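**Student:** pasting the structure only:
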């Protein structure tokens, strides 16, 4: 477990918080490096249309997981397309998200048209561990898309959304409290008891670190008689990105790229080896154009790299090459707002949110697979609806 030294800047903390998934980067690391050894006789990767690939995975797996990049605008857009597709609704019954289970009553009320957008967003902000992307109003889009799609479906084909993380309410956590709860076990337990025990199939969207064999994924697989089909959002090939990314030139967007038996299985690492905010350019809700590549200071020494092993993955979710990936980060809200502004991942809290953001920064243990938490015993248990 990596502990940040006292006095670590918010810029550093935010970089670490984003390690739950590989980085959203507009220019992944491009250091020249030899190609992967032993790929000469391996098959070329064969892209599959993304929705087709996800739906097909449910034919043999009860759990399909996407290792997300927190704050990825590209993943946000793809999920909207996916949940609106009737084939997905027929294949899976639940979407599990990385939100504290204490937000479940608000999610249920929203899907049942008993709660508005602002109230849902407030509940999500209060119950989410990672700041990245959480405060952006577009967070509600997924819930709205599911609600709207459900209105045209029979009850048995309506999609549920499950808050699959340890219960959390920042309003109830004292400023001096620490976060040491076992989130990995909590995540696995929520999905097992509220989804799998009811013979449902689930799309699990969660930070990539939680999909390691020693994290929530491994715990959950211990209760299954099959593996979890695991995809990771593509964000480069580590130090071999410059050399290997040219092989993605023919991959359509969006697509699922199966890994076993292909040259991808021999790649040393997937993801971005520098700080996860190597190049993060906020895209405000009103901005439709793709942001240009930018630059940011390199990550300080000691932070773990956001790298994934191909051996733990079934496929890549390809939503664009490194130079085209976009970040969905909280826009500036002005002095009256309670949302932190992120500029190249430097948190600039508004007046009302400074205490909350300081508490988050000082109490988390960034870089670990389980951003643990010790919370008040008054938190509501997960809903069983």
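**Tutor:** Yes, it's here. Keep in mind it's a predicted model, so treat the numbers as computed, not measured. Residues are numbered from 1 along each chain as shown.
**Student:** What ranges does the stretch 51-200 of the chain have for its helices?
**Tutor:** 73-84, 86-91, 104-111, 117-126, 140-150, 183-194 (DSSP state H, counting those that start in this stretch).
**Student:** Any buried residues in the fifth one, and which?
**Tutor:** It stands for helix 140-150. Neighbour counts over helix 140-150 (16 or more other C-beta atoms under 10 Å) mark 140, 141, 142, 143, 145, 146, 147, 149, 150 as buried. C-beta: built from backbone N, CA, C; applies to glycine.
**Student:** can you check the fourth one too?
**Tutor:** By neighbour count on 16+ other C-beta under 10 Å, the buried set for helix 117-126 is 120, 121, 122, 123, 124, 125, 126.
**Student:** Same check on the last one?
**Tutor:** Of the residues in helix 183-194, 183, 184, 185, 186, 187, 188, 189, 190, 191, 192, 194 count as buried by neighbour count, 16+ other C-beta under 10 Å.
**Student:** which is the next helix or strand following it?
**Tutor:** Using DSSP states H and E, the helix or strand that follows helix 183-194 in sequence is strand 202-207.
**Student:** Pull the residues that contact that following strand.
**Tutor:** 19-21, 54, 62-68, 70, 75, 79, 82, 88, 92-98, 130, 162, 164, 187, 191, 195-196, 216, 228 (C-beta atoms under 8 Å, 6 or more residues apart in numbering).
**Student:** Among the residues you listed, which lie within strands?
**Tutor:** Residues of these located in strands (DSSP state E): 63-68, 94-98, 162, 164.
**Student:** before we move on, back to that, could you export the helices of the stretch 51-200 of the chain as JSON lines, including distance to residue 239 and mean pLDDT?
**Tutor:** Below are those laid out as JSON lines (distance: least, C-beta to C-beta, whole Å; pLDDT from 0 to 100):
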{"stretch": "helix 73-84", "distance to residue 239": "23", "mean pLDDT": "95"}
{"stretch": "helix 86-91", "distance to residue 239": "36", "mean pLDDT": "95"}
{"stretch": "helix 104-111", "distance to residue 239": "40", "mean pLDDT": "97"}
{"stretch": "helix 117-126", "distance to residue 239": "36", "mean pLDDT": "93"}
{"stretch": "helix 140-150", "distance to residue 239": "33", "mean pLDDT": "97"}
{"stretch": "helix 183-194", "distance to residue 239": "29", "mean pLDDT": "94"}
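**Student:** Identify the residues contacting the closest residue to residue 142 other than its chain neighbours.
**Tutor:** Spatial nearest neighbour of residue 142, chain neighbours left out: residue 79 (5.5 Å); criterion: C-beta to C-beta, 6 or more residues apart in numbering. With contacts defined as C-beta under 8 Å, 6+ apart, the neighbours of residue 79 are 95, 142, 145, 205.
**Student:** Closest one to residue 45 out of those, please.
**Tutor:** Nearest to residue 45, judged by C-beta to C-beta, of the contacts of residue 79 is residue 205 at 22.8 Å.
**Student:** where are the low-confidence patches of the chain?
**Tutor:** For the chain, residues meeting the criterion pLDDT under 70 lie at 1-41, 130-135, 174-181, 272-308, 329-385.
**Student:** what about 50?
**Tutor:** Within the chain, the segments meeting pLDDT under 50 span 1-27, 29-35, 38, 176, 273-282, 286-306, 331-385.
**Student:** Make sure residue 218 is actually in contact with residue 224.
**Tutor:** No - look at residue 218 against residue 224 with C-beta atoms under 8 Å: they stay out of range, at 10.7 Å.
**Student:** and these two? which has more neighbours close in?
**Tutor:** The neighbour comparison of residue 218 against residue 224 (other C-beta atoms under 10 Å) goes to residue 218, with 16 against 13.
**Student:** Skip ahead from the helix or strand containing that one and say which helix or strand is next.
**Tutor:** For residue 218, the enclosing helix or strand under DSSP H and E is helix 216-221. Per DSSP H and E, the first helix or strand lying C-terminal to helix 216-221 is strand 229-233.
**Student:** Give me the sheet partners of that following strand and which way each runs.
**Tutor:** Listed by DSSP bridges, the sheet partners of strand 229-233 and their directions read strand 63-68 (parallel), strand 315-318 (parallel).
**Student:** Take these and write them to JSON lines, including mean neighbour count and distance to residue 156.
**Tutor:** JSON lines is the format used below for the strands paired with strand 229-233 (neighbours: other C-beta atoms under 10 Å; distance: least, C-beta to C-beta, whole Å):
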{"stretch": "strand 63-68", "mean neighbour count": "26", "distance to residue 156": "20"}
{"stretch": "strand 315-318", "mean neighbour count": "24", "distance to residue 156": "28"}
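**Student:** In a markdown table: those strands, plus distance to residue 243.
**Tutor:** Output for the strands paired with strand 229-233, formatted as a markdown table (distance: least, C-beta to C-beta, whole Å):
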| stretch | distance to residue 243 |
| --- | --- |
| strand 63-68 | 23 |
| strand 315-318 | 17 |
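**Student:** which stretch among those comes nearest residue 113?
**Tutor:** Using C-beta to C-beta, the strands paired with strand 229-233 put strand 63-68 closest to residue 113, at 27.2 Å.
**Student:** and that closest one with strand 202-207, angle?
**Tutor:** 20 degrees (axes from the mean of the first three to the mean of the last three C-alpha atoms, to 10 degrees).
**Student:** Any chance you could list what contacts strand 63-68?
**Tutor:** 20-22, 54, 57-58, 75, 92, 98, 191, 196, 201-208, 210-211, 217, 220, 224, 228-233, 308, 313, 317.
**Student:** what do you get if the cut-off is 7 Å, keeping everything else the same?
**Tutor:** The contact list for strand 63-68 (C-beta atoms under 7 Å, 6 or more residues apart in numbering) reads 21, 54, 57-58, 75, 202-208, 211, 217, 220, 228-233, 317.
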